[in-house]
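J.: mind folding the following:
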Amino acid sequence: MSPKIVRWTGMLMGLTAAFALAGEPDVKSPVLMIGDSMMRLPGLAMERELSRLPNMEATSFSGIGTGLARLDAFDWLGKIDELCAEHRPRVAVVALGANDRQPMQLQGAHSVVQPATDEWDAEYGRRIGQAMDRLAAGGCERIIWLLLPPMRDPVIDAFARRVNEQVVEAAASRPQVVTHDFSSLVADRRTGGYTDRTMDPRTAASIRVRDPDGIHLTPDAARMLATSLIQEYWQ
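T.: Modelled structure (predicted):
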């Protein structure tokens, strides 16, 4: 099954779950947005907008400079357990990977693997799967994992594509996980590649969508992403 078919199959299941959750008049539907610095602004925007919907509880957590590559510096797997125990989310939105282009130490070994190698990909894919499984074990019926958008620097962009491949592969065997590619919101409309600016669909005005670092989203881009996610999965 191709990644596109997997994504659309998962999306239909995600929509069904989202409508079911939103349609229960007396049941709270906790949503948890988590991730690294790429989630900071979108998470706050989603928290604000989702909280306006009936019976919704929304919480966001972002760890600046964190990721799955350095679990010794910040234990994301433990943090997922902690957040799930505290908030009991039924839906999670995840953004991880932007900070992870660095060596990883293999679990239970002294070996260190380098980015852009098959060994690194295998270990990183295993950690992604662990994060997904921890969220599912914590009560998440639907996990929406955001793929990384195009990056300005060619080396970082190539790394982002490798991360996305690992996410898609891990999600393919986990029916509760949807991979969400939001590149069309922030990419060049002609090439699909990186761009600093694009058109705001609400006003048709040109807006800046990426920070000067060529990685992170601007407040306008975060707002667009939050709006599109809510429209796709909650309305």
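J.: isn't residue 39 right up against residue 98?
T.: No. With contact taken as CB atoms under 8 Å, residue 39 and residue 98 are classed as non-touching, separated by 9.3 Å. (C-beta placed from N, C-alpha, C; glycine too.)
J.: hey, where'd the helices end up in this structure?
T.: For the chain, the helices defined by DSSP state H occupy 3-22, 40-50, 76-87, 118-137, 154-172, 183-186, 219-233.
J.: which strands or helices does the third one pack on?
T.: On a contact count with 3 or more CB pairs under 8 Å, 6 or more residues apart in numbering; DSSP states H and E, helix 76-87 meets strand 29-35, strand 56-62, helix 118-137.
J.: thought residue 36 was touching residue 61?
T.: No. The pair formed by residue 36 and residue 61 falls short of the contact definition of CB under 8 Å, at 10.4 Å.
J.: compare those two (neighbour count), which wins?
T.: Per other CB atoms under 10 Å, whichever of residue 36 and residue 61 has more neighbours is residue 36, with 23 against 18.
J.: quick one, what contacts that one?
T.: For residue 36, the set of contacting residues under the criterion of CB atoms under 8 Å, 6 or more residues apart in numbering consists of 62-67, 95-99.
J.: quick one: contacts for the spatially closest residue to residue 58 that is not a sequence neighbour?
T.: Of all residues beyond its chain neighbours, the one nearest residue 58 is residue 50 (3.8 Å), with distances taken as CB to CB, 6 or more residues apart in numbering. Residues touching residue 50, when contacts are defined by CB under 8 Å, 6+ apart, comprise 31, 56, 58, 230, 234.
J.: torsion angles phi and psi at the last one?
T.: Comment: the main-chain dihedrals of residue 234 come out as phi -120, psi 0, following degrees, to the nearest 10.
J.: from now on call the first residue 41
T.: Sounds good: first residue 41 from here, last item residue 274.
J.: check the spacing between it and residue 135 real quick.
T.: The gap separating residue 274 from residue 135 is 17 Å, by CB to CB, to the nearest Å.
J.: returning to that earlier point: as JSON lines, the helices of the chain with distance to residue 147 and mean pLDDT would be great.
T.: Supplementary listing: the helices of the chain in JSON lines, determined by distance: least, CB to CB, whole Å; pLDDT from 0 to 100:
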{"stretch": "helix 43-62", "distance to residue 147": "27", "mean pLDDT": "41"}
{"stretch": "helix 80-90", "distance to residue 147": "28", "mean pLDDT": "95"}
{"stretch": "helix 116-127", "distance to residue 147": "11", "mean pLDDT": "98"}
{"stretch": "helix 158-177", "distance to residue 147": "8", "mean pLDDT": "97"}
{"stretch": "helix 194-212", "distance to residue 147": "16", "mean pLDDT": "97"}
{"stretch": "helix 223-226", "distance to residue 147": "32", "mean pLDDT": "95"}
{"stretch": "helix 259-273", "distance to residue 147": "32", "mean pLDDT": "95"}
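J.: pick the most buried one from the ones you listed.
T.: helix 80-90 (a mean of 21; mean count of other CB atoms under 10 Å).
J.: can I get it in PDB, CA atoms only?
T.: Written as PDB, here are the backbone C-alpha positions of helix 80-90 (Å, rounded to 0.1, in the frame of the first residue of the first chain):
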ATOM      1  CA  ARG A  80       5.000  25.900  20.100                       C
ATOM      2  CA  LEU A  81       3.000  28.400  18.000                       C
ATOM      3  CA  PRO A  82       0.600  25.900  16.300                       C
ATOM      4  CA  GLY A  83       0.000  24.200  19.600                       C
ATOM      5  CA  LEU A  84      -1.000  27.500  21.300                       C
ATOM      6  CA  ALA A  85      -3.200  28.400  18.300                       C
ATOM      7  CA  MET A  86      -4.900  25.000  18.400                       C
ATOM      8  CA  GLU A  87      -5.400  25.200  22.100                       C
ATOM      9  CA  ARG A  88      -7.100  28.600  21.700                       C
ATOM     10  CA  GLU A  89      -9.300  27.600  18.800                       C
ATOM     11  CA  LEU A  90     -10.300  24.100  20.100                       C
END
